[in-house]
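Undergrad: Take a look and give me a structure for this.
(chains A and B)
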Number of protein chains: 2
Amino acid sequence: MYAVKYELIKTCKQTGARLGKLHTPHGVIDTPIFMPVGTQATVKSMTPEELKEIGSQIILSNTYHLYLRPGHELIKKAGGLHEFMHWDRPILTDSGGFQVFSLGPLRKITEEGVEFRSHHDGSKHFLSPEKAMEIQNSLGSDIMMAFDECAPYPADRKYVKDSLERTTRWLERCKEAHKNTEKQALFGIVQGGMYRDLREQSAKEITNIDLPGYAIGGLSVGEPKEMMYEVLDYTVPLLPEDKPRYLMGVGSPDDLIEGVLRGIDMFDCVLPTRIARNGTAMTSQGKIVVRNASYAEDFTKLDPECDCYTCQNYTKAYIRHLVKTNEILGARLITNHNLRFLLKLMKDVRQAIMDDRLMDFRNEFFEKYYGKK
Amino acid sequence: MYAVKYELIKTCKQTGARLGKLHTPHGVIDTPIFMPVGTQATVKSMTPEELKEIGSQIILSNTYHLYLRPGHELIKKAGGLHEFMHWDRPILTDSGGFQVFSLGPLRKITEEGVEFRSHHDGSKHFLSPEKAMEIQNSLGSDIMMAFDECAPYPADRKYVKDSLERTTRWLERCKEAHKNTEKQALFGIVQGGMYRDLREQSAKEITNIDLPGYAIGGLSVGEPKEMMYEVLDYTVPLLPEDKPRYLMGVGSPDDLIEGVLRGIDMFDCVLPTRIARNGTAMTSQGKIVVRNASYAEDFTKLDPECDCYTCQNYTKAYIRHLVKTNEILGARLITNHNLRFLLKLMKDVRQAIMDDRLMDFRNEFFEKYYGKK
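TA: The predicted structure follows:
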């Protein structure tokens, strides 16, 4: 028995999108789902109670950051990440791979793993499939991600092929090293860049290794959106129907909906929290840059259709004042709203699947949010 | 009828400290009281609901900052400061005097008022008794402070005497200019530096002007604590018994208690919120610098005796991690705790007055917090 199990509720008759439930050691989550990102064992500016209030069912945290600060051994001593950060719902942790590969000249890849220098102090470290499992076992996340290489875009065919094949070998080592299969689920990651045959090769190799879930990595790395959708079009059907499918690092409203349409169940992205701290809000009428002078005397709420704490109690004029004066409350209020916006969007998406009208919902949403179809 | 009215409940038989209630347009507050500071129309990092949760009955906000950003006209259009910032309990605003005098070479004092340059952009402004009243009338605070000069420490006798006499003349102009006496109470401020006869002169002049409350200014400006207590010893008895007495800018635990012992009813200070953002917590066992390495693996709460949200749910190790990684939640959690600590201290002080044992309480607290009597 695996630690998490996917239950397919139904598929949308209009689109084929999936409605499901993911059973985890820390509770059941509804899919398709958006996972707020809590990089350093905190979703920036939010308390766990606030995250629950807006409907967060699962969050993501980052192995690379937690390994460096405060260290996975410390978190293990604290009783695991849930206990450490006071979050009792499911947690998914990445493997640290994406972050160390992003370090550029500060890292060196071999078959064994990746040597890298800390972006804090330049200290030398080594991350491997075994180490990534050890760290995530210490963190105690419900879902652990395999240690993979996310190839850059653009990358030549040879590089991507070598990389995906190494990712497969690394996945075998991850599965072998994973110590806590009853309480933590390991997900494999399909790579292959923007090459159809390489995606097919990777999907075949990765899904040949029996695991409770699979992810699609290496997308939303700078390629055009249409290219990402095309990769999803031919890759998702290669994944087993009885396992959850996670599209890594994706979180703009259009990408969430397009991903669900193509059969994706799980998403994560720093976008809503990051732009919030810069003073940008996602609303039912599209994005608004609250710090703009045009909102100085706007005494209406951020989003007239939103039910969140921010929209119940504050005006754009006040939030703009907080943003302009660098007040922490400004980041809090917009973060709260943006996360609520995406979580509510996914709730609406689930309802639309239930009602067999996701394509209609997509078109209505796109027209409202982006002014296009 | 004045907008606020002081009701004396009882005096402590052991010390003479006062227990009272202050009736204001936005509700009744218990005195002695500590007022959290919300400089820029927000108590840094906190929501109004959180402030209420920890027992905040009244907050202070700063005229100088709000005049510059977002501007008092804007706040007036928003319906006043309460509406603008979503706080429905009492607000006290200072006059801006303290801030503009602190600008040093950026300001010039005349009988008419103070010309100064903004610390943001160097733009030129003029603050006078009339202007300070106009701004505070626009803000709509329950208690407005007179435009005064807070003389520096040390300052020579001649300077302090001229300054306090000008402060008296300015108070007369404030009273004349104040437009909204039914909904906003104007408090006068006694100055006089560290000179007993000048304090007596100022107290006499200021209290000769009939007002609903009086403050003592010009203390906690760098003088030794014993000197401040001495000034209070001879100044407080010169204030009328039927009006509230506010000691401006004071907020360390010892100063709060020593102030109450001498008959003070109201206090404000940025100390608890400012040190919180630097990672320092006030606890029943004294101050602790949470960012210190000694707390890295300390899985106990900040303060075993505290009932706040932070202490119910988080460990020092986690809070230290948040502080070290500059996470907003770290500032939030310690701010919440520090304010709760001071508000609870004042609640305990009120209970001790009720029980006629404030001196015993003082001695017990000092031994525990400072390790001294």
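
Undergrad: Tell me which residue in the stretch 151-300 of chain A sits closest to chain B.
TA: Chain B sits closest to A:F299 of the stretch 151-300 of chain A, with a gap of 5.9 Å, by C-beta to the nearest C-beta. To be clear about C-beta, it is placed using only N, CA and C from the backbone, and glycine gets the same treatment.

Undergrad: in the biggest helix by length in chain A, what counts as buried?
TA: Longest helix in chain A, counting residues (DSSP state H): helix A:328-354. The neighbour-count criterion (16 or more other C-beta atoms under 10 Å in any protein chain shown) identifies A:328-346, A:349-350, A:352-353 as the buried residues of helix A:328-354.

Undergrad: near chain B too, which of the residues you listed?
TA: Subset of these in contact with chain B: A:I328, A:L329, A:A331, A:R332, counting by C-beta under 8 Å from any C-beta of the partner chain.

Undergrad: Max pairwise distance over those residues: which two?
TA: Farthest apart among those by C-beta to C-beta are A:L329 and A:A331. That separation is 7.5 Å.

Undergrad: who in chain A is up against chain B?
TA: Close to chain B, as judged by C-beta under 8 Å from any C-beta, chain A has residues A:40-42, A:44-47, A:69-70, A:74, A:77-78, A:84-86, A:296-297, A:299, A:309, A:313-315, A:317-318, A:320-322, A:324-325, A:327-329, A:331-332.

Undergrad: Any of those residues buried? List them.
TA: Taking 16+ other C-beta under 10 Å as the criterion, what is buried in those is A:40-42, A:44-47, A:70, A:74, A:78, A:84-86, A:309, A:314-315, A:317-318, A:320-322, A:324-325, A:327-329, A:331-332.

Undergrad: now the longest helix of chain A against helix B:328-354, angle please.
TA: 120 degrees (axes from the mean of the first three to the mean of the last three C-alpha atoms, to 10 degrees).

Undergrad: what packs against the next helix or strand after helix A:328-354?
TA: Counting by DSSP states H and E, the next helix or strand C-terminal to helix A:328-354 is helix A:358-370. Judged by 3 or more C-beta pairs under 8 Å, 6 or more residues apart in numbering or on different chains; DSSP states H and E, helix A:358-370 is in contact with helix A:253-261, strand A:286-289, helix A:328-354.

Undergrad: Would you format these as JSON lines with distance to B:L198 and mean pLDDT included?
TA: Formatted as JSON lines, the helices and strands packed on helix A:358-370 follow (distance: least, C-beta to C-beta, whole Å; pLDDT from 0 to 100):
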{"stretch": "helix A:253-261", "distance to B:L198": "66", "mean pLDDT": "98"}
{"stretch": "strand A:286-289", "distance to B:L198": "53", "mean pLDDT": "96"}
{"stretch": "helix A:328-354", "distance to B:L198": "41", "mean pLDDT": "98"}
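
Undergrad: what residue ranges in chain A score low on pLDDT?
TA: Along chain A, the parts satisfying pLDDT under 70 run over A:373.

Undergrad: For the residue nearest the centre of it, grab phi and psi.
TA: When C-alpha atoms, centre = their mean is applied to chain A, the residue found nearest the centroid is A:D268 (1.6 Å). Dihedral angles of A:D268 (phi, psi; degrees, to the nearest 10) stand at phi -150, psi 150.

Undergrad: so it sits right up against A:G38, yeah?
TA: No: shown here, A:D268 and A:G38 do not form a contact pair, counting by C-beta atoms under 8 Å, at 10.0 Å.

Undergrad: Overlap in contacts, the two.
TA: When C-beta atoms under 8 Å, 6 or more residues apart in numbering or on different chains defines a contact, the residues bordering A:D268 and A:G38 alike are A:L60.

Undergrad: how far away is A:L358 from A:K10?
TA: For A:L358, the distance to A:K10 equals 12 Å [C-beta to C-beta, to the nearest Å].

Undergrad: the more surrounded of the two?
TA: Between A:L358 and A:K10, A:L358 has the larger neighbour count (other C-beta atoms under 10 Å in any protein chain shown), namely 27 against 12.

Undergrad: need the contact list for that one.
TA: A:C12, A:Q14, A:T15, A:A17, A:I257, A:V260, A:L261, A:V349, A:A352.
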